[in-house]
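Q: Requesting a structural model of the entry that follows:
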Amino acid sequence: MPELFSEEWIKGLMDQWNDEPELSDALAEIGFNSVIAYGFDGEDQPRAYLKVENGKATDAGAYSGQAVNWDLRASADQWLKWMDKPPGMMGLGMAYTSRKLKFKVGDYSAMVKDPRMAGPFIKSFSVMGRV
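A: Residues are numbered from 1 along each chain as shown. Now for the predicted structure:
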C-alpha cells in the first residue's frame with residue numbers, strides 16, 4: 001500500500017472512487033461537486049485533496065492551498081483502522097462525537113442528515129481500503 005495521503009495514494013483513491021458505483025454514481029445522481037481534503041489531526045494543513053465533479057473524481061494530488069469544501073482529519077492509526085474495517089453510521093457518529101474524526105471544513109451534521117450523502121460517505125471508507 002502506498003503511504004497514506006501520498007500523491008500515489010490519493011491518485012489510487014481517485015481511480016477506486018470512480019470504479020465504485022455506490023459512491024460515484026450515487027453522488028452523480030445528486031450533482032455532488034466538492035473538493036475534499038484529507039489529513040492528520042493536529043497538522044496545520046491537509047495532506048491531499050480529491051476534486052469531485054458531478055460525483056466523479058476528476059483530480060487529486062498533494063494539497064497545496066486549494067480551497068476545499070470538506071477537510072477531514074483523524075490520526076494515522078484511526079484512518080488505517082477505518083480502512084481495514086469501515087465504520088457504519090453508528091461508528092461514524094461515535095467517531096465524530098469523540099473527536100476521532102474532525103471536520104476542519106464541512107458540515108458533518110448536514111451531511112449525515114441527508115441519506116443521499118451519508119451512504120456514499122460511509123462507502124468512501126471501504127473504497128479507501130482498496131488503495
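Q: Please compute how far the worst-scoring helix or strand of the chain on mean pLDDT lies from its chain's middle.
A: For the chain, counting by mean pLDDT, DSSP states H and E, helix 108-112 ranks last in confidence among helices and strands (a mean of 81). Averaging C-alpha coordinates over helix 108-112 and over its chain gives two centres that are 14 Å apart (Cα atoms, centre = their mean, to the nearest Å).
Q: on contacts alone, who are the packing partners of the very next helix or strand once past that helix?
A: From helix 108-112 onward toward the C-terminus, using DSSP states H and E, the following helix or strand is helix 115-128. Applying 3 or more Cβ pairs under 8 Å, 6 or more residues apart in numbering; DSSP states H and E, we find helix 115-128 packed against helix 7-18, helix 24-29, helix 76-84, helix 89-97, helix 108-112. For every residue, glycine as well, the C-beta is placed using N, CA and C.
Q: now for the ones you listed, which one comes closest to G42?
A: Judged by Cβ to Cβ, the one of the helices and strands packed on helix 115-128 that comes nearest to G42 is helix 76-84, at 10.5 Å.
Q: With adjacent residues omitted, what lies nearest to A62?
A: Closest residue to A62 apart from its sequence neighbours, by Cβ to Cβ, 6 or more residues apart in numbering: E7 at 5.3 Å.
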